[in-house]
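Asks: What follows is a predicted protein model with its sequence.
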Amino acid sequence: MINKFVIGLASACAMGLSVNAMAGDADIDNSVQNTTTGFYILGQAGYGWDDGFSSNQSQNIDDGVKLNKGKNGFTGRAGIGYQFNPYLGLQAGFAYLPAYKYEATYTGNGGTQSTAGIKLSFYAIDAMGVVTLPINDSLYVYGGAGAAYVHMSKDVTAESGNLSSNINLGKEGYIRPKLAAGVGYKINPNVALTVEYAHIFQKDTNDSHIGVPSFDTVMAGVQYTF
C-alpha cells in the first residue's frame, strides 16, 4: 500500500509539473499569489496498520485453547494549523489509532467456553512543521515532521458462564517522532482535498512497559482555510 501511495504521489507531482511548464512562468507566480495563508482546520479518515500486526489471525495453541488476534484498522484525525506563507506552516492534531485485541478461548469437555483477553487502545496528539510546494493554482504537495504523544490504555476482560469481569491495567504515554507527506487539490481558495501518508515511530518494550508499536496511516481529508 505504501508503494502505491508513493507512485500515486509521484504521478500527481509529475502531472502538476507538466501542466505548470506548459502554462509558463506567469502561472508559477500566480500559484504562489493564490496560495491562501492563515488559520485552517482539517478532518481526515482512513486506514492504519503496524508492520508487526498486519492482519487478523486465529490459531489453536493447545487442546481446547484457541488464540485470536484482531485489530480495528480504522483511523481518523482532526487538526488545526496556520499557514505563514505559501511554503511554511505549523499544524497540530488529535488522532484515533487502530486498537489491538488478543483473546484466548478455552472450550471444556462439556462444551463450556471461557474467554480471556486484553485490548490495547491508542490515540495520539501531534504537532508538526509543514513545508508546502505549490505546483499550480490548484495542486500542491507537502511534507511534515514533528512529534506525537501516543497514549495507550490496557483493558483485560474475562468471561466464564454467567461471570464476567473487566479490569483496566493502566495507561502509558510516550512521545514519538512523526513524519507525514501528502498531496492536496484546491477546489477553491478556501477548500482543499488531501491524501496523506504518515508514520509514527515505535517505542520498544522493556521489563516494565509494553511500549507502543509503530503506526502507518493513509488518510483522505478535507481542509478549510478561514
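Replies: Alright, I've got the coordinates. Predicted model, so just to flag it, every value in this text is computed and none were measured. Numbers count the residues shown, from 1 in each chain.

Asks: right, and the helix or strand after the lowest-mean-pLDDT helix or strand in the chain?
Replies: Least confident helix or strand, the chain: helix 25-33 with a mean of 43, by mean pLDDT, DSSP states H and E. Helices and strands here follow DSSP states H and E; after helix 25-33, the next one along the chain is strand 38-49.

Asks: partners of that following strand, with directions?
Replies: According to DSSP bridges, the neighbouring strands of strand 38-49, each with its direction, are strand 74-83 (antiparallel), strand 215-225 (antiparallel).

Asks: Report the strands that pair with the helix or strand just after the shortest one, each with its relative direction.
Replies: The C-terminal neighbour of strand 74-83 among helices and strands, as given by DSSP H and E, is strand 88-107. The sheet places strand 88-107 alongside strand 65-71 (antiparallel), strand 74-83 (antiparallel), strand 113-134 (antiparallel), with pairing taken from DSSP bridges.

Asks: which ones are touching residue 212?
Replies: Applying CB atoms under 8 Å, 6 or more residues apart in numbering to residue 212 gives the contacts 122, 150, 152, 172, 174, 176, 202-203. C-beta here means a position set from N, CA and C on the backbone, and glycine is covered the same way.

Asks: okay if I get the strands paired with strand 88-107 as CSV plus mean pLDDT?
Replies: CSV is the format used below for the strands paired with strand 88-107 (pLDDT from 0 to 100):
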stretch, mean pLDDT
strand 65-71, 65
strand 74-83, 96
strand 113-134, 91
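
Asks: Any idea which of those strands gets closest to residue 44?
Replies: strand 74-83 (4.5 Å; CB to CB).

Asks: one step back: please spell out the PyMOL selection for the buried subset of the contacts of residue 212.
Replies: Applying 16 or more other CB atoms under 10 Å to the contacts of residue 212 leaves a buried subset, and the PyMOL line that selects it is:
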select buried, resi 122+150+152+172+174+176+202+203
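
Asks: Neighbours of the residue nearest to residue 120 when sequence neighbours are not counted, how many?
Replies: By the measure of CB to CB, 6 or more residues apart in numbering, the closest residue to residue 120 outside its immediate chain neighbours is residue 100, 4.6 Å from it. Other residues near residue 100 come to 18 when the count uses other CB atoms under 10 Å.

Asks: separation between residue 100 and residue 122?
Replies: Using CB to CB, to the nearest Å, one gets 8 Å for the distance from residue 100 to residue 122.

Asks: again, but for residue 84
Replies: When CB to CB is applied, the distance between residue 84 and residue 122 equals 31 Å.

Asks: Quick one: neighbours of residue 147, just the number.
Replies: Using other CB under 10 Å, the number of residues around residue 147 comes to 16.

Asks: Low-confidence stretches in this structure?
Replies: Applying pLDDT under 70 to the predicted model, the residue ranges of the chain that meet it are 1-35, 51-72, 108-112, 161, 205-211.

Asks: Can you give me the buried ones in whatever helix or strand residue 178 lives in?
Replies: Secondary structure here is read from DSSP H and E; on that basis residue 178 sits in strand 163-186. The neighbour-count criterion (16+ other CB under 10 Å) identifies 172, 174, 176, 178, 180-184, 186 as the buried residues of strand 163-186.
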